[in-house]
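Chemist: Everything below, folded, please.
(2 chains)
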Amino acid sequence: MDYSQFLLMKQEIALLVVFLLVFLYDTFAPKKALGALSGITCALFGIYTIAGFCTCVTGVSDTAFAGMYATSPIIAMIKNVLNVGVLIVLIQSVKWVNNDSTVVRRGEFYELLLVTLFGMYLMISARHFLLFVIGLESASLPLAAMVAFDKKRYESHEASIKYILTAVFSSAIFMMGLSFVYGLSGSLYFSEIYGAIGSVSSPMIICALAFVIAGVGFKLSLVPFHLWTADVYQGAPTPVTSYLSVISKGSAAFAFLVILVQCFGAVYEDAWEWMLYALIILTITIGNLFAIRQRNMKRFLAFSSVSQAGYIMLGIVGMNAMGLAAMVYYILVYVFSNLAAFGVIQAIENNTGKVDMDDYRGLSKTNPKLSFAMMLAMFSLAGIPPFAGFFSKFFIFTAAINQGSIAIYVLVLIALINTIISLYYYLLVVKAMYISDEPSTIERFKSSCTDRVGLIITVAGIIFLGIVSVVYNHILTLAERSGLF
Amino acid sequence: MLFDNILIYFVLIPLVMLGGVALSRNIKQIRAVAVIGSTALIALSVYLIYQWLNPTPEAAELAAAHDGMYHYASWKWFSAQGLNINLTVGVDGVSIAMLLLSSIILFTGSFASWTIAQPKAFFLWLILLSTGVFGFFITIDLFTMFMFYEVALIPMYLLIGVWGSGNKNYSAMKLTLMLMGGSAFLMLGLIGIYYHSSADGQYTWNLLEIANNNAISTGWQYFLFPMTFVGFGVLGAMFPFHTWSPDGHASAPTAVSMLHAGVLMKLGGYGCFRVAMYLMPQAANDLAWIFLILTGISVVYGAFSACVQTDLKYINAYSSVSHCGLVLFAILMINTTAMTGAIMQMLSHGLMTALFFALIGMIYGRTHTRDITKMGGLMKIMPYLAVCYVIAGMASLGLPGLSGFVAEMTIFVGSFQQGMADYLAGGGSLRLVFTIIACCSIVITAVYILRVVGKLLFGPVQDKHHLELTDATWWERLSTATLIVCVAAIGCFPNFFENLIRGTFDPEIFRAIAMNF
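Modeler: Alright, predicted model coming up:
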């Protein structure tokens, strides 16, 4: 065996090194030095994130292990995007993880988080379903432990049970789909599957696709596989919720695109174009309609993230490099916008324990900076210029329409009308914070240093990611060289 | 270079103003920033007019190479192989007129909000809004236009929600959602134009290139024209999408009403003209009848609605629906005279309605009511404001010597010409009939204006507390006097403004292109 193949897995190996260092420090460091664990983890991960952008990582394009594992610049890019998100999540979680009930277990939190990230890497890079399933499982199962991390809160346990049951069940469905795929093609390599099923659809292919989509749709919380989302998001500790909503979702979206394009790309028009349209329309619309009625901020963002997943799926519709670039860019912007919102929610929850939208009334008078960050996050999620969300939405719509048929126009029109619905509920938050005359129930407080750092990074991202066009141009260049299409 | 171009300063100055307001420590500094900034913008627009009327040879040469767009410049923004988005700027007479209008309204609006609560946040949002407005008028690239268009819309939500009065929550939400709903259609229309306008496979957002390519097929035009026209038409308060306007204007604070009715509604008319009609002449020609009927209804229905309202702001908001309807109505005539009239009407209505809203805000600030049945005899109590109100009213109902007359006269003459020509050429009598119907709005306008003037300014004093009220302060006098001077200037020297506008886009281009299909 050629061991130099491992050199292609630079990001995975570096992540493992970070994981091992954190693990060893957590296990063997003297008790007095353990206080630095959060700082060390953030610093290590920060260094790793920055190093991930160097060309020796992003410039490689090759496959390894007999084609089971692939890397390319765009794959390195999406991993870097996830890294940035994880770094922000880590920074934002410092205050929470060091509170009295979790401080003894904080090492576990970091280790579980890094393991799931590793799983997501494998999902993204896999070109063989075996590796993919390993990635999928190691990205899902440790998350259940993280969801249950607030040992003393009943909701946290309930959420964990819900999450693990759904995860296992959808994995089973996914395997079922895989068995069909294997029956069809006699192989689990993406490329061989592509060759074996040809370009003619059959009921068997549609069956297999339905199962595979259902399995991955769970991770993305596409409607109708979204039913776990709201309860789990609400019950899980807020840092875990933010991790679930951006990192887990972003990685699954990319992996989903790879599977659909690489295995089933040839039967797109025959077999799953309409399936995809229906999924997108259902996801966006139902996510939006349910979000309107939510009063709990975490449930609210849960449904908002369901509908955002629908928008992310629009990147697949175009079936071209522009769609891929728009999708990666959308995920990047979504990471910043959603984490800004969760950052504010966490800061308020940590200081006052309040998570209801009604508690946010009059927040702008007591905590103007937090309300400002929240407002920008809401505007960006709703797609208001000049914030990054506008650009990502515009690009993903433009990429989708590239296909050109009138059906796409109808699809995009439905998505656009949905942005108006989503604007309504995002404005409800702004209204509560800025327009409501009632005195605020949240007193003025000073948020912790790490909360502030996290918010500054995310707000800067929201403002600059769109206007500074280099980011998108770079992603587009990488996407065109991806060789996926 | 970016900063060599004079037009970019229309966006840079507001951005600097934003910074200045953010750094200000007290209300005096904020006022200073707002006044200095808006004066600079007026100066800049006056300089543009001067250059437009007396172009240097180089400028004229550059303009000739770019379809008459002065100060044309283009900078790459998003990469060429994917989206080909540029920041392209350029102005012609119409845009210059709109820039002048916007800067005047911003200037007077700053004075009208001299004593606003929470001045810092208010001016930040107000200036952000005007950044969008100025950006929209200087760009000729569909993406950047659309971006600035939306930048101008969203601050309205907070401006109305926080500083508004009455049923402000409802109005702010309704206004924002309806306008954003319009822009959803608009976005689809623009993306459609992008993909169907290329002549050689290289897609472009550039307005001039799209017009020169002239490659949008008739079928797609029939689909995309209604999208864009309705998208902009929502902001132009076209029936039946006008319902945000009365509520929104009634709840908005004074300066916001001024900017919104004075400038923002013009974005709609300007967009219909510059994007929908200019890029898709065939569909504009063939589908004009649908929108003629809708805008004709706007004109008459708005005027009738104004007759029965008792809230001053509602009266003026419905009158805006009627007048802005007239702008779209005239554009759809596809006739040089009528289109010139449409642009004149935009200018005239912008100034006049800003004057109205400023006066209403000043009266409301004193009497704390806008209900005309609860006020009376204000002429004795506050003669300055009352006289200004009469002048604004006269401009609105079309008294010669003021701007309304010039604009409406031009529109109706042009429309009638076109209607007659259509009829004689066997093209049906729709234009003619609707011109006659729209003409009736002049009479109805007179009814509601005179009704308000009679009830509000003359007659017995309704509330004896009103007797203690004072007349206008110096900043209020400055704000209103500026607007009155402008209104009278258009009325007395229409030729100057017509020269500015005419020859920009010779609307015959539309016809010529349409017939050649």
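Chemist: Can you pull the poorly scored residue ranges out of chain B?
Modeler: B:1, B:80, B:503-517 (pLDDT under 70).
Chemist: Any residues of it in contact with chain A? List them.
Modeler: With Cβ under 8 Å from any Cβ of the partner chain as the criterion, chain B meets chain A at residues B:77-79, B:81-83, B:85, B:143, B:147-148, B:150-151, B:154, B:157-158, B:161-162, B:168-169, B:172-173, B:176-177, B:180-181, B:184-185, B:187-188, B:191-192, B:194-195, B:223. Where C-beta positions appear, they are placed from N, C-alpha and C, glycine not excepted.
Chemist: can you pull out the helices in the stretch 401-517 of chain B?
Modeler: B:403-424, B:430-452, B:474-492, B:494-501, B:508-515 (DSSP state H, counting those that start in this stretch).
Chemist: Now do the buried residues in the third one.
Modeler: Right, helix B:474-492. B:475-480, B:482-484, B:486-488, B:490-491 (16 or more other Cβ atoms under 10 Å in any protein chain shown).
Chemist: hey, which of the helices of the stretch 401-517 of chain B is tucked in deepest?
Modeler: helix B:403-424 (a mean of 21; mean count of other Cβ atoms under 10 Å in any protein chain shown).
Chemist: Which residue does the stretch 251-400 of chain B have closest to chain A?
Modeler: Distance from chain A to each residue of the stretch 251-400 of chain B (Cβ to the nearest Cβ) is smallest for residue B:251, at 11.5 Å.
Chemist: Now do the contacts for that residue.
Modeler: Residue B:251 makes contacts with B:160, B:164-168, B:171-172, as judged by Cβ atoms under 8 Å, 6 or more residues apart in numbering or on different chains.
Chemist: Tell me which entries of these lie within strands.
Modeler: Of the contacts of residue B:251, none are assigned to strands by DSSP state E.
Chemist: what about residue A:150, how many neighbours?
Modeler: Residue A:150 is flanked by 21 other residues according to other Cβ atoms under 10 Å in any protein chain shown.
Chemist: How many residues are close by residue A:392?
Modeler: 29.
Chemist: and the end-to-end length of stretch B:154-174?
Modeler: From its first residue to its last, stretch B:154-174 covers 12 Å (Cα to Cα, to the nearest Å).
Chemist: Which parts of the chain are strands?
Modeler: No chain specified, so I'll use chain A. A:62-64, A:69-71.
Chemist: The chain in question should be chain B.
Modeler: So, for chain B - with DSSP E - the strands run B:70-78, B:85-91.
Chemist: Mean neighbour count added to the ones you listed, as CSV?
Modeler: Output for these, formatted as CSV (neighbours: other Cβ atoms under 10 Å in any protein chain shown):
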stretch, mean neighbour count
strand B:70-78, 18
strand B:85-91, 25
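Chemist: Rebuild the ones you listed as TSV, extending it with distance to residue B:319.
Modeler: Output for the strands of chain B, formatted as TSV (distance: least, Cβ to Cβ, whole Å):
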stretch	distance to residue B:319
strand B:70-78	34
strand B:85-91	30
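Chemist: tell me what the helix ranked longest in chain B is packed against?
Modeler: Longest helix in chain B by number of residues (criterion: DSSP state H): helix B:336-367. Here helix B:336-367 touches helix B:93-112, helix B:254-259, helix B:265-271, helix B:312-331, helix B:383-397, helix B:403-424, helix B:474-492, helix B:494-501, going by 3 or more Cβ pairs under 8 Å, 6 or more residues apart in numbering or on different chains; DSSP states H and E.
Chemist: Point out the other helices and strands that the shortest one packs with.
Modeler: Right, the one you point to is helix B:254-259. Checking 3+ Cβ pairs under 8 Å, 6+ apart, helix B:254-259 ends up next to helix B:93-112, helix B:119-138, helix B:155-163, helix B:336-367.
Chemist: Of the contacts of residue B:251, keep whichever come out buried.
Modeler: B:160, B:164-165, B:168, B:171-172.
Chemist: Out of these, which is nearest to residue A:344?
Modeler: Taking Cβ to Cβ as the measure, residue A:344 sits nearest to residue B:172 out of the buried ones among the contacts of residue B:251, at 22.3 Å.
Chemist: residues contacting the closest one?
Modeler: Residue B:172 touches A:435, B:156-158, B:160-161, B:164, B:248, B:251, counting by Cβ under 8 Å, 6+ apart.
Chemist: quick one: which two of the residues you listed are the most distant?
Modeler: Among the contacts of residue B:172, A:435 and B:248 lie farthest apart (Cβ to Cβ), at 14.6 Å.
Chemist: Mind checking which of the two has more residues around it?
Modeler: residue B:248 (30 against 22).
Chemist: Roughly how far does the more buried one sit from residue A:283?
Modeler: Residue B:248 sits at a distance of 32 Å from residue A:283 (criterion: Cβ to Cβ, to the nearest Å).
Chemist: likewise residue A:4?
Modeler: Distance from residue A:4 to residue A:283, by Cβ to Cβ: 43 Å.
Chemist: neighbour-wise, which of the two wins?
Modeler: residue A:283 (27 against 8).
Chemist: OK, contacts around the closest residue to the more buried one other than its chain neighbours?
Modeler: Nearest non-adjacent residue to residue A:283, counting by Cβ to Cβ, 6 or more residues apart in numbering or on different chains: residue A:310, 3.4 Å away. Residue A:310 makes contacts with A:222-223, A:279-284, A:287, A:415, A:418, as judged by Cβ under 8 Å, 6+ apart.
Chemist: let's go with 7 Å and repeat that
Modeler: A:280, A:283-284, A:287 (Cβ atoms under 7 Å, 6 or more residues apart in numbering or on different chains).
Chemist: Which single one of the residues you listed is nearest to chain B?
Modeler: residue A:284 (12.9 Å).
Chemist: Got the confidence number for that closest one?
Modeler: Note on residue A:284: pLDDT of 94.
Chemist: Repeat that for the one 5 residues further on.
Modeler: On the pLDDT scale, residue A:289 is placed at 93.
Chemist: what's the closest non-adjacent residue to it?
Modeler: residue A:421 (7.1 Å).
Chemist: And the residue of chain B most remote from its centre, how close does it get to residue B:376?
Modeler: What lies farthest from the middle of chain B is residue B:464; by Cα atoms, centre = their mean that is 38.8 Å. Residue B:464 is 11 Å from residue B:376, where distance means Cβ to Cβ.
Chemist: is it true that residue A:95 touches residue A:350?
Modeler: Yes - judged on Cβ atoms under 7 Å, residue A:95 makes contact with residue A:350 at a distance of 5.2 Å.
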